[in-house]
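Peer 1: Sharing a model prediction with you, sequence too.
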Amino acid sequence: MTEPMPTAYDPRAIEPGWAARWEEARLFVADAASPRPKYAIALPPPNVTGELHLGHAVNGTLQDVWARYRRMTGYEVLWQPGTDHAAIATQNVIEKQLANEGLTKEEIGREAFDEIVDEWYRKVGATIVTQFRVLGASLDMSRLRFTMDPLYVRAVRTAFVLYYEKGWLYRGPRIVNWCPKNLTAISDLEVDWQTHEDTLYYISYPVEGTDETLTIATVRPETMLADTGVAVHPDDDRYRQLVGKFALLPLVGRRLPIVADAAVQKEFGTGALKVTPGHDLLDYEIGERHGLDLVNGMNLDGTMNVPELPRYDGLPGVEARKRVVEDLAAAGRLVRTEPYTHEVGHCDRCGTILEPLVSEQWFLDMKELAQLCIDASARGQVRWHPERYERTYLDWLHGIRDWCVSRQLWLGHRIPVYTCANGHQFAAVDRPGHCRDCDSALLSEETDVLDTWFSSALWPFATLGWPLDSEELKAFYPTALNCTNRDIINLWVTRMIFSGLFFMGEVPFSDVIVHATIQAGDGRRMSKSLGTGVDPREVIDTYGADALRAWGALVGMATQDARFDVSRIEGYKRFSNKLWNATRLVLSSVANEAPHGPPAPDGDLQPADRWILSRLQAAVREVTAGIEEYSFQRSIEAAYEFAWHDFCDWYLEAAKTRLRDGDPAARSAALHVLDTLFRLLHPFMPFVTEELWHRLPDDRDFLVRTGWPEPDPRFDDGGAEASFGDLIRLVEEIRATRHASAGGTSGGRLWLGAELTSAQRELVRDLGRVELVAAPAPGALPLAWGEARLELPVKGDDGKRREGERRRLAGELAKVEAKLTNPAFRERAPAEIVAKEEEKAAELRAALARLG
Ligand SMILES: [Zn+2]
Ligand SMILES: [Zn+2]
């Protein structure tokens, strides 16, 4: 590239061009037949309910760091993209749209509904792909998958049939979390618990054949219409004599057996519990243990289902409650009420209060599948980062219930179960023409669809072609990494692990990284409806994708809750600009015929060259270690510090003159630093690094096809680091003294009080902007650097100046001493850091003493 560089960096001018060139060159298309070692990541498929948000951008950045890093370390990389149909969420969106037009899905029919859904998928799917492209995500878009594409549907049906044939899938009445709005069962993990202020009603039940009454407390008096028992704790002396007798249900008259069950909490209410097995999970279990009747008192839409009680039948729950309470009061059965705060489950898709209901559902037996996961964990086959999330996973597995996999939706994978006219039932991958047992052609198909997580549980291998024995599957399974949010550890990650173990015989990935949840700047949840959402495209428009990504890498794994911080993102845009200007400076002074390639370690290097090349090796090690340990913040911080402070602030300042004069050692050192730095930063900030890399001399391939930098121990130079580091300290002292005594930005006479080489003297003179003198002037101020003294040219009160310097030195000393007297610092800091601080304290004390 020979066109001159604009003076300021503008991400908008370069990012789209590189995204297009990368794709044109098919850089991210994986080759299953490649002889290289393989590395794969399956992108967590975003829901096609909407556009990507900032959480997706951070999630994508962390995976892209690894995908690019692995390519640069010689791997054949597949970063597998795709999207998820998100049955219930998408159906909600479409139904809302229909409602805006005054329509329902029933009015338009299944066919028209499916068409709208397909159109939606196309539109949103395309937006999501574009968003990833703008972010610079190196996904293999030639392999884009969707959980509703025909091959994927086949994988889902095959998985169902294999479980079915194992005998692990069964249908039965079960209490489920029912959403009366979506008319479907909801998984336990998708219940959104919210605190409600309600009323606790105390109701007295007469005990049959006695004068006694039992008082029972409930927040949901309307459910009493379906009560079939009363339970007390077996150790509760207040009720021991009543066990075995019957209570009479007020308003209804039903006889309720009084049973003793250890699940009853003695402390709640009066310690006596009304048992409504049709409407509460705990009651359902008590009912099972004591053989209580099951009355289903509620319709699927949340209205009352009590045809024998026409006064309440068909009323919505809230109205039924009012009427029941009024009637209880009129009958003298309402003892008292009190305010009550408790947790109420809501549908996390539509916000409706969930009703525990008994309904016919499909269940997957979890016993053996959970054990597969527990065993794999014991063998250390999946590593969690942060490690504590392994507990989250194991706790859930140890207390696991069978998985309710059916949903009553229009959208999703239809359960592949068929029943013939003679009642034979079987599961089949391909839609069968006749019954397997009796050949009857009268088959009915199950109308329920599968829980969306049933299909996404197959993601790491179904995207690779399973159940076919594809080349991709052989090459890229198991994948390496799963990058996820903590909310879906058990909904998704755990289910992928047992699915992988069961269908493929191997864990689907070796490492799980759980990244930060991104909050709004004020710590609130990011949400469109709260108006706290931030569109990544707006951030990219203003600051560039690189700046957003660098911030994502900084916060992604550093914490579990990260606030959106536009000033940090802006800081990374300035960083891009800094890299841009540093490159301009180096290039503007490089003769075109300059020798390229790394400098020779034994060549004509100056102290500054040796110093920056040694610092560079440390940066290579630190950035690499950060990636390898999933401490992305460590990498981005190390690269930033090295580039901005070591290279731009010190090295380029020190080498400016030599660069301008065409000194070959400075030239090759500076070019080598830029070359290495762009490679180190590429996984984090792919656009600006690619652009600048191609502006360096020589023909250059794309960065992902260029090797990852290895530290070169020949450049490790402790001596150069110590001596140049000492000069930096001296220059910082000079600047601080000037600042403290209002002595301007340059000028002054410095007496070093120490022997330095001529190269070192030159550096101090240039960087410190001072004149070196052979003897200290009488009024010169002592610096906290050996015996050095600085005479400032400013006129004015000498006493004031000395006072300013004294305050500065004392302030510095107080800071260092505070550190040194802190036992935590002494315990934790490495010995050489402690020694350095002690040295600094001694220097400061000596300078103060010389100041008199
Ligand atoms: Zn709902
Ligand atoms: Zn049959």
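Peer 2: Arrived safely. Ligands and ions are numbered 1, 2, ... in the order given.
Peer 1: Please identify the residues of the stretch 51-200 of the chain in proximity to ligand 1?
Peer 2: The stretch 51-200 of the chain comes close to ligand 1 at residues Cys179, Lys181, Asn182, as judged by Cβ under 5 Å from the ion. Quick note: C-beta positions are derived from backbone N, CA and C, even for glycine.
Peer 1: Can you verify the last one is assigned to a helix?
Peer 2: What that stands for is Asn182. No - using DSSP: H, G, I helix; E, B strand; the rest coil, the assignment for Asn182 is coil, not a helix.
Peer 1: How many residues are close by Leu162?
Peer 2: Under the neighbour criterion other Cβ atoms under 10 Å, Leu162 is assigned a count of 16.
Peer 1: Mean pLDDT per helix and strand in this protein: which one sits at the bottom?
Peer 2: When the helices and strands of the chain are scored by mean pLDDT, DSSP states H and E, strand 184-186 comes last with a mean of 85.
Peer 1: contact partners of that strand?
Peer 2: Strand 184-186 is touched from outside by 88, 176-179, 347-349, 354, 359, 361, 404, 406-409, with contacts defined as Cβ atoms under 8 Å, 6 or more residues apart in numbering.
Peer 1: In helices, which of those residues appear?
Peer 2: Ile88 (DSSP state H).
Peer 1: Confidence-wise, which of the contacts of strand 184-186 comes last?
Peer 2: Within the contacts of strand 184-186, the minimum per-residue pLDDT falls on Arg349 (80).
Peer 1: How about Arg729: what's its closest non-neighbour residue?
Peer 2: Leaving out its chain neighbours, the residue that sits closest to Arg729 by Cβ to Cβ, 6 or more residues apart in numbering is Trp785, at 6.3 Å.
Peer 1: Please apply the same query to Leu530.
Peer 2: Of all residues apart from its sequence neighbours, Arg524 sits closest to Leu530 (Cβ to Cβ, 6+ apart), at 6.5 Å.
Peer 1: How many residues are close by that neighbour?
Peer 2: The local packing of Arg524 (other Cβ under 10 Å) involves 12 other residues.
Peer 1: what sits against His645?
Peer 2: The neighbours of His645, taking Cβ under 8 Å, 6+ apart as the test, come to nothing; the list is empty.
Peer 1: Now do the contacts for Arg549.
Peer 2: With Cβ under 8 Å, 6+ apart, Arg549 has these contacts: Ala57, Thr61, Asp64, Leu135, Gly136, Phe684, Met685, Pro686.
Peer 1: typed the wrong thing, it's Thr49
Peer 2: Taking Cβ under 8 Å, 6+ apart, we find Thr49 in contact with Ala86, Ala89, Thr90, Asn92, Val93, Val124.
Peer 1: rerun that using 7 Å as the cut-off
Peer 2: Applying Cβ atoms under 7 Å, 6 or more residues apart in numbering, one finds that Thr49 lies in contact with Ala86, Ala89, Thr90, Val93.
Peer 1: most surrounded residue in these?
Peer 2: When neighbours are counted as other Cβ under 10 Å, the busiest of the contacts of Thr49 turns out to be Thr90, with 25 neighbours.
Peer 1: what's the distance between the residue in the stretch 101-250 of the chain that ligand 1 sits nearest to and ligand 2?
Peer 2: Taking Cβ to the ion, ligand 1 has its nearest neighbour within the stretch 101-250 of the chain at Cys179, 3.4 Å off. For Cys179, the distance to ligand 2 equals 35 Å [Cβ to the ion, to the nearest Å].
Peer 1: Based on its surroundings, how many neighbours for that residue?
Peer 2: Count around Cys179 with other Cβ under 10 Å applied: 30.
Peer 1: Okay, helices next: where are they in the stretch 601-750 of the chain?
Peer 2: 607-628, 632-641, 653-660, 664-681, 686-695, 718-740 (DSSP state H, counting those that start in this stretch).
Peer 1: and the nearest residue to the residue of the stretch 101-250 of the chain closest to ligand 1 once chain neighbours are set aside, what does it touch?
Peer 2: Closest residue in space to Cys179, ignoring its immediate chain neighbours: Cys347 at 4.2 Å, by Cβ to Cβ, 6+ apart. The neighbours of Cys347, taking Cβ under 7 Å, 6+ apart as the test, are Cys179, Lys181, Asn182, Ile186, Leu354.
Peer 1: Try it again at 10 Å.
Peer 2: 88, 92, 177-182, 184, 186, 190-192, 353-354 (Cβ atoms under 10 Å, 6 or more residues apart in numbering).
Peer 1: picking that back up, now mean neighbour count and mean pLDDT too, for the helices of the stretch 601-750 of the chain, in JSON lines please.
Peer 2: Below are the helices of the stretch 601-750 of the chain laid out as JSON lines (neighbours: other Cβ atoms under 10 Å; pLDDT from 0 to 100):
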{"stretch": "helix 607-628", "mean neighbour count": "21", "mean pLDDT": "97"}
{"stretch": "helix 632-641", "mean neighbour count": "21", "mean pLDDT": "98"}
{"stretch": "helix 653-660", "mean neighbour count": "18", "mean pLDDT": "91"}
{"stretch": "helix 664-681", "mean neighbour count": "23", "mean pLDDT": "95"}
{"stretch": "helix 686-695", "mean neighbour count": "23", "mean pLDDT": "97"}
{"stretch": "helix 718-740", "mean neighbour count": "18", "mean pLDDT": "92"}
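Peer 1: Now that we have these, can you turn them into CSV and tack on distance to Glu832?
Peer 2: Shown next, in CSV, are the helices of the stretch 601-750 of the chain (distance: least, Cβ to Cβ, whole Å):
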stretch, distance to Glu832
helix 607-628, 14
helix 632-641, 18
helix 653-660, 24
helix 664-681, 25
helix 686-695, 33
helix 718-740, 11
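Peer 1: And for the nearest residue to Gln408 once chain neighbours are set aside, the neighbour number?
Peer 2: Nearest residue to Gln408, sequence neighbours excluded (Cβ to Cβ, 6+ apart): Thr184, at 4.3 Å. Summarising burial for Thr184: neighbours were counted as other Cβ under 10 Å, giving 27.
Peer 1: that older thread, secondary structure element for the residue nearest to Arg729, which one?
Peer 2: Using DSSP states H and E, Trp785 sits within no helix or strand.
Peer 1: how much space between it and Asp649?
Peer 2: Per Cβ to Cβ, to the nearest Å, Trp785 is found 19 Å from Asp649.
Peer 1: Please apply the same query to Trp384.
Peer 2: Applying Cβ to Cβ to Trp384 and Asp649 gives a distance of 39 Å.
Peer 1: Which one's more surrounded, those two?
Peer 2: For Trp384 versus Asp649, the count of surrounding residues by other Cβ under 10 Å is larger for Trp384: 19 against 14.
Peer 1: Assign that one to helix, strand or coil.
Peer 2: When the structure is reduced to helix, strand and coil (three-state DSSP), Trp384 reads as strand.
Peer 1: Contact partners for the nearest residue to it once chain neighbours are set aside?
Peer 2: On the basis of Cβ to Cβ, 6+ apart, the spatially nearest residue to Trp384 that is not a chain neighbour turns out to be Glu390, at 4.4 Å. Glu390 is in contact with Ser377, Gly380, Val382, Arg383, Trp384, Ile489, Val512, counting by Cβ under 10 Å, 6+ apart.
Peer 1: Report pLDDT for the second one.
Peer 2: Meaning Gly380. Here, the pLDDT recorded for Gly380 equals 95.
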